[in-house]
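In: Build the 3D model from these lines:
(2 chains)
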Number of protein chains: 2
Amino acid sequence: MAIVRENGPITGEKIAELLNFTRATLRPDLTVLTLSGILDARPRVGYFYVGNQTASVFGELLRKSLVRDYKSVPIVVHEQTTAYDATVTMFLEDVGTLFVVRDGGILCGVLSRKDLLKLAIGQTTLKEVPISIAMTRMPNIYTVKPETSIYDAGKLLIHAQIDSLPVVIPSEVASGQWEVVGRVTKTTITRLFVELGESKQV
Amino acid sequence: MAIVRENGPITGEKIAELLNFTRATLRPDLTVLTLSGILDARPRVGYFYVGNQTASVFGELLRKSLVRDYKSVPIVVHEQTTAYDATVTMFLEDVGTLFVVRDGGILCGVLSRKDLLKLAIGQTTLKEVPISIAMTRMPNIYTVKPETSIYDAGKLLIHAQIDSLPVVIPSEVASGQWEVVGRVTKTTITRLFVELGESKQV
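Out: Below you'll find the predicted structure:
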């Protein structure tokens, strides 16, 4: 990038030569930089640096967009619910992840379709076991706060390889515990992605 | 927006007055327009129109980014696989959706964790049933092509309320049929979202 900034306009061949790479090795990188608006390319002229309004402004936008404004309603079940009833709740509410709470709405676990499926292929009869044996438990749960940015929430979903994050606030009834007030999922992010992409020249 | 374009800079109160809305009703809209870079706001001056580079350039970027460049490897199973074996494959490959094929790699179904879980809470023994009784079948399957834009793929995921799309090309062995060559999921979109958001001022 620095090469283009200092030497632009410059052809792909010339950049490759300076970096001692083949043109083919370099092509994907140049494509990404061009698509994201950091470089611009003109036929027979080469690449030149255009600073990068789009990408950075977009990054800013994502860092300023807060979970508070995009979260969905959390679907919660009590920790004594059976695996069978939890599965039914998942279908009725059409969610892929349930948050498990104890009295006072305190978050104590997260239960995914994957957890239930794992139970189902074992010897277990779903009607007889409580979800507490299958769920991921506090403190091994990734959470976000209402003031977390959507960008950080997305990063956490990818990094932790999970589908859904509980949005939590400090509990008013039990100190050091968390109350669930929302959920942010890959669906939330995908929906926002599509909304942002909808904008056309106005 | 037209109001701001023609009368800007203009205060929120004034816009509300012109539209006959309360300031509170209007606030979320103004926030979105400001965050997405269509309007700009200055304290004690008001809102003014800045055209909309960011949002539209971002939209352009998403429409130019193709499934071909972001798709993952598809995980496929044969249509005679048992539900139990399909579930095991899902865990081993760590995917939420399997694509079901017949000889020649022809796409004939899509099987999600949800489909398997539905079987599991029924009377069914997963080891005894083939996935063909639980999967969604062609032609009721949403697909994308390598040249579909990531934006259109994201829109389809949201619209169809599914997690994963098979990327297909026309089969060379069976005319009118499709061969699976990739997958695009909400994870693909979330990962791209985070990558785009990473860009800082350079």
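
In: Which residues are in contact with residue A:198?
Out: Counting by Cβ atoms under 8 Å, 6 or more residues apart in numbering or on different chains, residue A:198 makes contact with residue B:59. Backbone N, C-alpha and C define where each C-beta goes, glycine included.

In: what pLDDT does it get?
Out: Looking at residue A:198, its pLDDT is 81.

In: Equivalent analysis for residue A:29, please.
Out: On the pLDDT scale, residue A:29 is placed at 67.

In: ok, now residue A:124?
Out: Turning to residue A:124, the model gives it a pLDDT of 71.

In: what number of residues lie near residue A:184?
Out: 25 (other Cβ atoms under 10 Å in any protein chain shown).

In: actually residue A:185, sorry about that
Out: Neighbour number of residue A:185 under other Cβ under 10 Å is 21.

In: Check the one 10 residues further on too.
Out: By the other Cβ under 10 Å criterion, the neighbourhood of residue A:195 contains 16 residues.

In: That one: which element?
Out: helix A:186-198 (DSSP states H and E).

In: show me where chain A has helices.
Out: A:2-7, A:12-19, A:23-35, A:53-64, A:67-70, A:83-93, A:113-121, A:150-160, A:186-198 (DSSP state H).

In: Most tightly packed of the ones you listed?
Out: Of all these, helix A:186-198 has the most neighbours on average by mean count of other Cβ atoms under 10 Å in any protein chain shown, namely a mean of 22.

In: Output that one as PDB, restricted to C-alpha atoms.
Out: Taking C-alpha atoms only, helix A:186-198 is exported to PDB below (Å, rounded to 0.1, in the frame of the first residue of the first chain):
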ATOM      1  CA  LYS A 186     -25.200 -14.000  13.200                       C
ATOM      2  CA  THR A 187     -28.700 -13.300  11.900                       C
ATOM      3  CA  THR A 188     -28.600  -9.800  13.600                       C
ATOM      4  CA  ILE A 189     -25.300  -9.100  11.800                       C
ATOM      5  CA  THR A 190     -26.400 -10.500   8.500                       C
ATOM      6  CA  ARG A 191     -29.500  -8.400   8.600                       C
ATOM      7  CA  LEU A 192     -27.600  -5.300   9.400                       C
ATOM      8  CA  PHE A 193     -25.100  -6.100   6.600                       C
ATOM      9  CA  VAL A 194     -28.000  -6.300   4.100                       C
ATOM     10  CA  GLU A 195     -29.500  -3.100   5.300                       C
ATOM     11  CA  LEU A 196     -26.200  -1.200   5.000                       C
ATOM     12  CA  GLY A 197     -25.800  -2.700   1.500                       C
ATOM     13  CA  GLU A 198     -29.200  -1.500   0.400                       C
END
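
In: what angle do it and helix B:186-198 make?
Out: Put simply, helix A:186-198 runs at 60 degrees to helix B:186-198, going by axes from the mean of the first three to the mean of the last three Cα atoms, to 10 degrees.

In: Just give me how far helix A:186-198 sits from the chain centre.
Out: 11 Å (Cα atoms, centre = their mean, to the nearest Å).

In: Next: stretch A:154-167.
Out: 5 Å.

In: Can I get it in PDB, CA atoms only?
Out: Coordinates of each C-alpha in stretch A:154-167 appear next as PDB, following Å, rounded to 0.1, in the frame of the first residue of the first chain:
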ATOM      1  CA  GLY A 154     -19.400  -9.600  15.300                       C
ATOM      2  CA  LYS A 155     -15.800 -10.200  16.100                       C
ATOM      3  CA  LEU A 156     -16.600 -12.200  19.200                       C
ATOM      4  CA  LEU A 157     -19.100 -14.400  17.300                       C
ATOM      5  CA  ILE A 158     -16.400 -15.300  14.800                       C
ATOM      6  CA  HIS A 159     -13.600 -15.600  17.300                       C
ATOM      7  CA  ALA A 160     -15.600 -17.800  19.700                       C
ATOM      8  CA  GLN A 161     -17.200 -19.800  16.900                       C
ATOM      9  CA  ILE A 162     -20.700 -19.300  18.300                       C
ATOM     10  CA  ASP A 163     -24.000 -18.300  16.800                       C
ATOM     11  CA  SER A 164     -25.500 -16.200  19.500                       C
ATOM     12  CA  LEU A 165     -24.400 -13.800  22.300                       C
ATOM     13  CA  PRO A 166     -26.500 -12.900  25.400                       C
ATOM     14  CA  VAL A 167     -26.700  -9.200  26.000                       C
END
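
In: OK, contacts around the residue nearest the centre of chain A?
Out: Among the residues of chain A, the one closest to the centroid is residue A:154, at 2.4 Å (Cα atoms, centre = their mean). Contacts of residue A:154 were listed using Cβ under 8 Å, 6+ apart, and they are A:62, A:189, B:190, B:193-194, B:197.
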